[in-house]
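1. below are the sequence and a predicted model for it; my questions follow.
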Amino acid sequence: MIKKSYFIQCYSVLHSLGAFFLMGIALSGAGNLLCLYSLKTTAEASFSFVLLEILLDPLQLLLVIVTTLLSIFLLPEVIHRIKQDSLSNLGKSIIGTLRFRRFLTQATPQLPKNQSYDDQTKLEDQVLRQFNRSVKKSVLDIRNEHLQLFINIPKEAQSQKILRAHEEQIKEHLASLYPTYLISTFERQKFQLWLRGTKQTH
C-alpha cells in the first residue's frame, strides 16, 4: 500500500496558506503606501488615515497568524529535506505540482453563439467541473531517488472516464518532464491514483 508523504498530505494546506500570505503582504503594502500618501496630503485626509490604520491592524494580526501557521506546517518538511534530500527538490515539487494541476485541468468548451445551452451541455459542464475540482488536489513529490505523482480520482463515473482517457498522456508528460526517472504503470488505491518514478543510475 502506497502511503502519502508529509508533503503530499500537507501541500493543499501549504498552498492555501501561501496564497493568503502573499495576499496579506500585498494588501498590507498597499495600505501602508496609502497611509503615507494620506500623511502628505491635507488635514482633510486625516479621517482616511485613521480608517486605514483601523483596517491595517487586524490585517497585520491575520498576517502574523498565517505566517506562524505556514512556518509550523512547512518547517518539518524543510528539516526533512535538509537532512535526507535537498531543498531544491522541495522547490521542484511545488513548481511541478502547480504545472501538473494546470496540465490536468480541462477547459470548458465555448458554445457557438447560435447554439443553445441545453441540458446535455449543462451535464457535460458539471462533469468537467467535478473532474477539475478533483484533479486540483493532485500533488507531485520529487526526491533524489524517486518521485510520486498523486492524483485524486473523482467519485463520479463520467469524470472517472475522462481521467482514464488521459492516463497514457499523463504518464508520457511526466516522463518527458523528468527523463532521469523510470516511470511505473498506474497504481490505484480506492480513490487514489499513483505514478511512481525511480531515479535511473548510469
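-> Looks like it came in fine.

2. show me what counts as buried in the helix ranked longest in the chain.
-> Within the chain, and with DSSP state H defining each element, the longest helix by residue count is helix 46-84. Buried residues in helix 46-84, counted by 16 or more other CB atoms under 10 Å: 49, 52, 56, 63, 66, 69-70, 73-74, 77, 81. For every residue, glycine as well, the C-beta is placed using N, CA and C.

3. ok, Glu168 - how many residues close by?
-> Using other CB atoms under 10 Å, Glu168 is surrounded by 10 other residues.

4. secondary structure element for it?
-> Assessed by DSSP states H and E, Glu168 sits inside helix 167-177.

5. which strands and helices lie in contact with that helix?
-> Counting contacts by 3 or more CB pairs under 8 Å, 6 or more residues apart in numbering; DSSP states H and E, helix 167-177 packs against helix 87-104, strand 146-152, strand 181-183, strand 192-199.

6. now tabulate these in a markdown table and tack on distance to Glu172.
-> Shown next, in a markdown table, are these (distance: least, CB to CB, whole Å):
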| stretch | distance to Glu172 |
| --- | --- |
| helix 87-104 | 11 |
| strand 146-152 | 13 |
| strand 181-183 | 9 |
| strand 192-199 | 11 |
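
7. deepest of the ones you listed, which one?
-> strand 146-152 (a mean of 21; mean count of other CB atoms under 10 Å).

8. check which element follows it along the chain.
-> helix 157-165.

9. got the contact list for that next one?
-> 106, 127-128, 130-131, 134-135, 151, 153-154, 193 (CB atoms under 8 Å, 6 or more residues apart in numbering).

10. quick one: the longest helix of the chain to helix 87-104, angle?
-> With axes from the mean of the first three to the mean of the last three CA atoms, to 10 degrees as the basis, helix 46-84 and helix 87-104 are set at 110 degrees to each other.

11. gap between helix 46-84 and the chain center?
-> 19 Å (CA atoms, centre = their mean, to the nearest Å).

12. with stretch 148-159 instead?
-> 16 Å.

13. quick one: end-to-end distance for that stretch.
-> Using CA to CA, to the nearest Å, one end of stretch 148-159 lies 22 Å from the other.

14. so, low pLDDT: which residues of this structure?
-> Counting by pLDDT under 70, the chain contains low-confidence ranges at 35-53, 109-120, 202.

15. which among the helices and strands packed on helix 167-177 is found nearest to Leu34?
-> Nearest of the helices and strands packed on helix 167-177 to Leu34, taken as CB to CB: helix 87-104 at 31.5 Å.

16. so what does that closest one touch, helix or strand wise?
-> With contacts taken as 3+ CB pairs under 8 Å, 6+ apart, helix 87-104 sits against helix 6-40, helix 46-84, strand 139-142, helix 167-177.

17. wait, which of the helices and strands packed on helix 167-177 is closest to Leu140?
-> Set against Leu140 and scored by CB to CB, the helices and strands packed on helix 167-177 come closest in helix 87-104, at 4.1 Å.

18. brilliant, that's me finished.
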